[in-house]
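Novice: below: sequence and its predicted model.
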Amino acid sequence: MKLESKAVIQIQKPIEDVFQGIVNPEKMTKYFISDSSGRLESEKEVIWKFPEFEEEFLIKDIKVQNNSSISFVWDPETVVKITLEKVPDNSTIVRVNENGKEFSEENLNWALENSGGWANFLACMKAYLEYGIQLRKGAYDFMRKK
């Protein structure tokens, strides 16, 4: 049995704006990461940094379909897939699915934590894209190594 984490939200912005909010590092640094070595593009690799962690995260096996989906690997056991769906009112449904880990107690905890993490990603993206609010700023300072 493979475990997966899932999250979904509707953002009141056109699909093109939401897509750019995910692939463009200038936008992602406003709500998710603190730094990126580049734009998410098919067959490229980038390095992400988060404000609360010292580690860098290699993002590889990137596959991008313009205004439709983005997938990548940042954990060798899983694939993250973000899909975008245009809604008739010109808003966008965003779904995140990360799967691939075998069932175990440790991996069950991973699935629960990552589902919450991806829900947070979506809420932060919605707040930023719709209202220019940076929800993540300072939210995880307690996790920094002291």
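Specialist: Thanks, I have it. Numbers count the residues shown, from 1 in each chain.
Novice: do you know how far P14 is from L135?
Specialist: 21 Å (Cβ to Cβ, to the nearest Å). C-beta here means a position set from N, CA and C on the backbone, and glycine is covered the same way.
Novice: no no, N24
Specialist: Using Cβ to Cβ, N24 is found at 18 Å from L135.
Novice: which strands and helices sit next to the host helix or strand of L122?
Specialist: L122 belongs to helix 105-131 when assigned by DSSP states H and E. Counting contacts by 3 or more Cβ pairs under 8 Å, 6 or more residues apart in numbering; DSSP states H and E, helix 105-131 packs against strand 2-11, helix 15-23, strand 92-102.
Novice: closest to the centroid, which residue in this structure?
Specialist: F121 (5.7 Å; Cα atoms, centre = their mean).
Novice: grab the nearest non-local neighbour of it.
Specialist: F32 (5.8 Å; Cβ to Cβ, 6 or more residues apart in numbering).
Novice: thinking again about what came up before, list the contacts for the residue nearest to the centre of the chain?
Specialist: For F121, the contacting residues are 7, 32, 96, by Cβ atoms under 8 Å, 6 or more residues apart in numbering.
Novice: what comes into contact with stretch 123-142?
Specialist: 9, 11-13, 17-18, 21-22, 27, 30-32, 50-52, 94, 120.
Novice: quick check: mean pLDDT of that stretch?
Specialist: Throughout stretch 123-142, pLDDT has a mean value of 88.
Novice: any weak-confidence spans in the protein?
Specialist: For the chain, applying pLDDT under 70 flags the ranges 142, 145-146.
Novice: if you set the cut-off to 80 instead, what comes out?
Specialist: By pLDDT under 80, the weakly predicted segments of the chain are 137-146.
Novice: buried set for stretch 79-88?
Specialist: Within stretch 79-88, the residues scored as buried using 16 or more other Cβ atoms under 10 Å are 79-82, 84.
Novice: I meant stretch 1-20, not that one.
Specialist: Neighbour-count burial for stretch 1-20 flags 3, 5, 7, 9, 11, 13, 15, 17-20 (criterion: 16+ other Cβ under 10 Å).
Novice: send the alpha carbons of that stretch over as CSV?
Specialist: Listed next in CSV are the C-alpha coordinates belonging to stretch 1-20 (Å, rounded to 0.1, in the frame of the first residue of the first chain):
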residue,chain,number,x,y,z
MET,A,1,0.0,0.0,0.0
LYS,A,2,1.4,3.4,-1.0
LEU,A,3,0.6,6.4,1.2
GLU,A,4,-0.2,9.8,-0.2
SER,A,5,-0.8,13.3,1.1
LYS,A,6,-3.4,15.5,-0.5
ALA,A,7,-4.7,19.1,-0.3
VAL,A,8,-7.0,21.1,-2.5
ILE,A,9,-8.2,24.8,-2.6
GLN,A,10,-10.0,27.2,-4.9
ILE,A,11,-8.2,30.4,-5.7
GLN,A,12,-10.1,33.4,-7.0
LYS,A,13,-7.5,34.1,-9.7
PRO,A,14,-7.2,33.1,-13.4
ILE,A,15,-5.3,29.8,-14.0
GLU,A,16,-2.4,31.7,-15.7
ASP,A,17,-1.9,33.8,-12.5
VAL,A,18,-1.9,30.7,-10.3
PHE,A,19,0.4,28.8,-12.5
GLN,A,20,2.9,31.7,-12.4
